[in-house]
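Asker: I would like the atomic coordinates for the input below:
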Amino acid sequence: MRRLTTAPIVLVLAMAACGAPEEPDVVTAPPTTASASTSTTGAAMLATTTTSEATATVGDPEEGSGEVTDPTVPTDDAEEGSGEVAEPTVSTQPPSTADPSEVTTTTTLPPLRSLGYREVATLPFPIDLAPVPGTSLLLIASKEGRLWMYGDGGLADNPFLDISDRVRNRGEQGLLGFAFHPDFPDSGRLFVHYSALNGDTVLAEYAVTDDAVDANGTVLFRLAQPAPNHNGGTIAFGPDGYLYMGLGDGGGANDQFGHGQNDGTPLGALLRFDVSAPGVASPAPGNPFRAPNVWSIGLRNPWRFVIDHPSGLIVIADVGQNHFEEVSVAPAAAAGVNYGWPITEGLHCFEPPTGCDASGQTLPVLEVPHTDSGTCSITGGVVYRGAEIPELYGHYLFSDYCGGYLRSFPIDEPFEEPYDWTDQVGNAGQVVAFGTDHAGEVYVLTASGSVLRLEADRG
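Answerer: I've put the predicted structure just below:
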């Protein structure tokens with residue numbers, strides 16, 4: 001195990017500097033439509049909000065100096081494993097601000113001394129990782145359009161699937177996510193989200209038979225993108241068996257195309273597909289908006305989200321613009337959620353910059369300002385469901401493309417201030433994604449090519 005001290009590499013796309021916002025005014029919004037009361041606190045927040053039957057509070061920031069260009073990747077979430085990991089026996093959930101070495105558990109594991117990263121593989125720009133159901137292997141995607149098998153012998157010599165000839169790998173575009181069908185061991189169905197050579201968003205299905213894959217694939221969904229940024233990334237199956245896909249607002253800046261609050265477009269939204277028939281992606285039953293595939297709206301760029309099957313929650317890390325990054329939590333089964341963009345950025349008004357009406361919104365449980373540790377573009381994130389680090393069980397882990405830190409907080413209410421593990425694990429650099437293996441253990445992927453496994457030191 002080693003501590004990482006690698007400094008972030010130079011950003012491919014320059015980031016405009018912006019000053020720290022002044023202490024904002026505070027406005028009170030009507031109650032939101034969230035189904036359960038959610039209290040939000042945290043040192044990084046300049047305002048506090050309670051959703052549902054309480055009053056939501058939204059701060060107004062100083063007007064920004066302009067768009068902060070998202071770096072190469074927007075800047076997890078990997079698809080869920082083939083089965084649930086049994087919850088370890090832990091007597092108490094550690095407060096996220098507590099020293100983990102002081103937490104008492106009922107496991108037979110030695111006390112936790114610290115966390116650390118171990119590099120297990122390197123490959124060009126790893127972008128997603130998930131366990132291959134029915135095997136002991138992991139599948140790792142690289143942004144240029146290749147998927148690689150990883151096992152005890154390391155990374156395979158040749159890619160499992162190579163679609164680089166049909167993927168536009170530029171800036172935020174590329175191969176962005178993949179997901180296995182819940183019955184993959186029997187059906188061999190693999191789904192991939194990528195940017196086509198002309199920049200279109202593509203959702204495609206590939207058939208796997210006898211450890212080989214038909215590289216032709218079938219395009220299930222294709223959508224023209226008005227700009228090359230804000231493409232979203234994650235695709236994942238929910239407990240309902242439907243396939244979810246996050247898409248950004250079409251790119252540019254300031255929601256210039258007007259998609260964030262437009263329920264007639266799949267941009268700026270969480271999509272939900274019925275893929276029960278091979279080669280077909282239909283709108284899932286119950287989708288509530290005018291655009292038939294849309295499940296939730298109000299997203300700027302949901303680069304990484306995770307659907308936590310044990311809790312039934314979806315956790316979305318939505319990339320912000322001038323001042324704030326955010327993490328939102330909602331029941332995956334809740335139809336018609338509005339996450340607020342561009343009315344709000346984080347817990348603050350964006351359009352208009354003062355006096356915004358946040359009624360009907362599900363506001364984030366966490367906001368991270370760009371003045372915090374070099375934060376520029378949030379990278380989610382997985383919920384820990386492994387057994388090696390029971391002190392983290394139920395914690396959502398996240399990072400930032402520029403900040404490179406590792407932080408976590410329990411997703412059970414009430415939401416607590418995140419614990420920062422960076423002093424223990426070191427700064428990973430440009431973190432672009434998280435993933436988990438069959439046992440629920442966590443991996444961190446970086447733009448420089450590292451696949452890092454999060455491990456406990458109990459020596």
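Asker: ok, the residue nearest to residue 223 when sequence neighbours are not counted - how many residues close by?
Answerer: Spatial nearest neighbour of residue 223, excluding adjacent residues (C-beta to C-beta, 6 or more residues apart in numbering): residue 201 at 4.5 Å. The way it works is simple: take the backbone N, C-alpha and C, and place the C-beta from them, glycine included. When counting by other C-beta atoms under 10 Å, one arrives at 23 neighbours for residue 201.
Asker: just residue 459 next, same as before
Answerer: Neighbours of residue 459 (other C-beta under 10 Å): 7.
Asker: contacts only, for the closest residue to it other than its chain neighbours.
Answerer: Spatial nearest neighbour of residue 459, chain neighbours left out: residue 113 (6.4 Å); criterion: C-beta to C-beta, 6+ apart. Going by C-beta atoms under 8 Å, 6 or more residues apart in numbering, residue 113 touches 101, 456-459.
Asker: in the chain, which residue is most central in space?
Answerer: residue 304 (2.1 Å; C-alpha atoms, centre = their mean).
Asker: hang on, that one packs against residue 233?
Answerer: Yes: counting by C-beta atoms under 8 Å, residue 304 touches residue 233, with 6.0 Å between them.
Asker: low-confidence ranges, the protein, go.
Answerer: 1-107 (pLDDT under 70).
Asker: tally of neighbours for the residue nearest to residue 300 when sequence neighbours are not counted?
Answerer: Of all residues not flanking residue 300 in the chain, residue 341 sits nearest, at 4.3 Å (C-beta to C-beta, 6+ apart). Residue 341 has 29 neighbouring residues, counting by other C-beta under 10 Å.
Asker: isn't residue 341 right up against residue 299?
Answerer: Yes: counting by C-beta under 8 Å, residue 341 touches residue 299, with 5.9 Å between them.
Asker: mutual contacts of those two, please.
Answerer: 249, 260, 268, 318.
Asker: gap between the residue nearest to residue 459 and residue 455?
Answerer: 11 Å (C-beta to C-beta, to the nearest Å).
Asker: check residue 448 too.
Answerer: Taken as C-beta to C-beta, the span from residue 448 to residue 455 is 20 Å.
Asker: please apply the same query to residue 411.
Answerer: 22 Å.
Asker: could you look up the SS state of residue 165?
Answerer: Here residue 165 is recorded as helix under DSSP: H, G, I helix; E, B strand; the rest coil.
Asker: quick check: closest non-adjacent residue to it.
Answerer: Per C-beta to C-beta, 6+ apart, closest to residue 165 is residue 145, 7.5 Å.
Asker: just checking, that neighbour touches residue 176?
Answerer: No: applying C-beta under 8 Å as the test, residue 145 and residue 176 come out as separate, 10.2 Å apart.
Asker: is it true that residue 440 touches residue 385?
Answerer: Yes: the criterion here is C-beta under 8 Å, and residue 440 meets it with residue 385 at 3.9 Å.
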